[in-house]
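**Student:** Here is the input, now give the coordinates:
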Amino acid sequence: QVQLVESGGGLVQAGGSLRLSCAASGRTFSSYAMGWFRQAPGKERESVAGISWSGGDTYYADSVKGRFTVSRDNAKSTVYLQMNSLKPEDTAVYYCAVTLYYRRYVRGDIDYWGKGTLVTVSS
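**Tutor:** Reported below is the predicted structural model:
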């Protein structure tokens, strides 16, 4: 059974930084893309960032480009999201997402979801 366990959320002031982690277990994740979605109150879930198995391909939403960095450690089956220059509009529940093949991740076709971790950015 696949499990995705997120950590690193919390309360931070605008301009601050947080690092999210998601540890995956339960199968071999070779060829799996990993990344992050978020859902703010009253809004639909949106893709934030994603990374291919090799790390050679990455995706970022326009709203986070230049501020967020996605990375992964395949030996640990873990994906990270370094969030800098946080803004109040980044406040959301952040979900780890894992899916077979990067092209499916970009389409939003996700195989596995984490339970989410709350990020709150105060102004």
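**Student:** CA only for contacts and neighbour counts going forward, please
**Tutor:** Fine.
**Student:** End to end on stretch 55-68, go ahead and measure it.
**Tutor:** Stretch 55-68 has its terminal residues 15 Å apart, counting by CA to CA, to the nearest Å.
**Student:** cool, stretch 86-94 as well?
**Tutor:** One end of stretch 86-94 to the other measures 14 Å (CA to CA).
**Student:** got the buried residues for it?
**Tutor:** 86, 87, 90, 91, 92, 93, 94 (16 or more other CA atoms under 10 Å).
**Student:** Also stretch 18-29?
**Tutor:** Going by neighbour count (16+ other CA under 10 Å), the buried part of stretch 18-29 is 18, 19, 20, 21, 22, 23, 24, 29.
**Student:** got it, and stretch 109-120?
**Tutor:** By neighbour count with 16+ other CA under 10 Å, stretch 109-120 contains the buried residues 110, 113, 114, 116, 117, 118, 119, 120.
**Student:** so how far is the first residue of it from its last?
**Tutor:** End-to-end distance for stretch 109-120: 27 Å, by CA to CA.
**Student:** what pLDDT, on average, does that stretch get?
**Tutor:** Stretch 109-120 shows a mean pLDDT of 97.
**Student:** what number of residues lie near the residue lying closest to residue 122 once chain neighbours are set aside?
**Tutor:** Counting by CA to CA, 6 or more residues apart in numbering, residue 122 lies nearest to residue 13, which is 4.8 Å off, once chain neighbours are set aside. Neighbourhood size, residue 13 [other CA atoms under 10 Å]: 14.
**Student:** Contact partners for residue 13?
**Tutor:** The neighbours of residue 13, taking CA atoms under 8 Å, 6 or more residues apart in numbering as the test, are 86, 121, 122, 123.
**Student:** Including distance to residue 48 and secondary structure, could those residues go into CSV?
**Tutor:** Shown next, in CSV, are those (distance: CA to CA, whole Å; DSSP: H, G, I helix; E, B strand; the rest coil):
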residue, distance to residue 48, secondary structure
86, 13, coil
121, 16, strand
122, 20, strand
123, 21, coil
